[in-house]
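> Structure of the sequence below:
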Amino acid sequence: MPITQGAAANSTNGSAAEILLELVDEDGNTIGTAEKLSAHQAPGRLHRAFSVFLFDERGRLLIQRRALGKYHSPGVWSNTCCGHPYPGESPFAAAARRTYEELGVSPSLLAEAGTVRYNHPDPESGLVEQEFNHLFVGMAQSPVRPDPEEVAETAFVTPDELAVRHDQVPFSAWFMTVLQAARPAIRELTGPAADW
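Residues are numbered from 1 along each chain as shown. Sure, this is the predicted structure:
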């Protein structure tokens with residue numbers, strides 16, 4: 001995966017306090033930057049983020065359980081990949097980059113699926129997700145090779161399997177919000193038979 005200019009300036013090896021995020025206004029216009037950790041401390045600062053939903057050829061969604069060592073929402077299930085573009089990096093480039101870094105797979109047919117703005121406190125950590133989130137849907141057409149520092153576990157699930165899992169185990173605070181917002185694009189990608 002090529003390294004973008006923004007990625008070079010913000011090494012993935014940096015701590016959460018060292019990585020810069022892009023702050024935005026309510027319309028998604030860039031208004032500055034903030035350190036990642038400070039942007040997530042209550043009450044949170046509105047910043048740019050992305051969420052990726054990848055599907056296999058059978059229309060199953062790839063979800064991940066976040067690694068236990070993550071500073072925010074460790075050990076919970078969430079969508080395929082989520083994160084933050086570096087300042088000056090396009091959300092599309094960030095989504096493709098981060099999906100490869102976390103899961104070892106380059107998404108195919110990756111397409112924009114709109115945006116959603118939300119404010120979700122994480123009850124466990126006390127951190128706040130105050131995000132202007134760019135949504136993407138696509139396909140995972142090669143084997144997944146998760147980075148254990150980022151991802152504890154992965155699964156491909158049908159809508160019914162996801163519903164059962166969601167009732168039984170913890171998911172990220174933002175998961176249902178981003179899934180609902182991405183559903184029209186998901187249905188377009190997977191077709192009506194997949195029942196998303």
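
> What ranges does the protein have for its helices?
Taking DSSP state H to define them, one finds helices in the chain at 5-9, 36-40, 91-103, 159-168, 175-190.

> Please report the number of neighbouring residues for Pro192.
Pro192 has 8 neighbours, counted by other Cβ atoms under 10 Å. The way it works is simple: take the backbone N, C-alpha and C, and place the C-beta from them, glycine included.

> who's in contact with it?
Pro192 sits next to no residue when contact means Cβ atoms under 8 Å, 6 or more residues apart in numbering.

> Could you measure from it over to Leu61?
Separation of Pro192 from Leu61 (Cβ to Cβ, to the nearest Å) stands at 16 Å.

> before we move on, back to that, would you mind finding the most buried of the helices of the chain?
helix 91-103 (a mean of 22; mean count of other Cβ atoms under 10 Å).

> I'd like to know which elements that helix is packed against.
In terms of contacts (3 or more Cβ pairs under 8 Å, 6 or more residues apart in numbering; DSSP states H and E), helix 91-103 is packed against strand 47-55, strand 61-66, strand 81-83, strand 108-121, strand 128-139, strand 151-157.

> Out of those, which is closest to Pro184?
Closest approach to Pro184 among the helices and strands packed on helix 91-103 (Cβ to Cβ): strand 108-121, 7.5 Å.

> now the closest one and strand 128-139, what's the angle there?
160 degrees (axes from the mean of the first three to the mean of the last three Cα atoms, to 10 degrees).

> And strand 108-121, what's buried?
Neighbour counts over strand 108-121 (16 or more other Cβ atoms under 10 Å) mark 110, 113, 115-118, 120 as buried.

> distance between that strand and the chain's centre?
Relative to its chain's centre, strand 108-121 lies at 8 Å (Cα atoms, centre = their mean, to the nearest Å).
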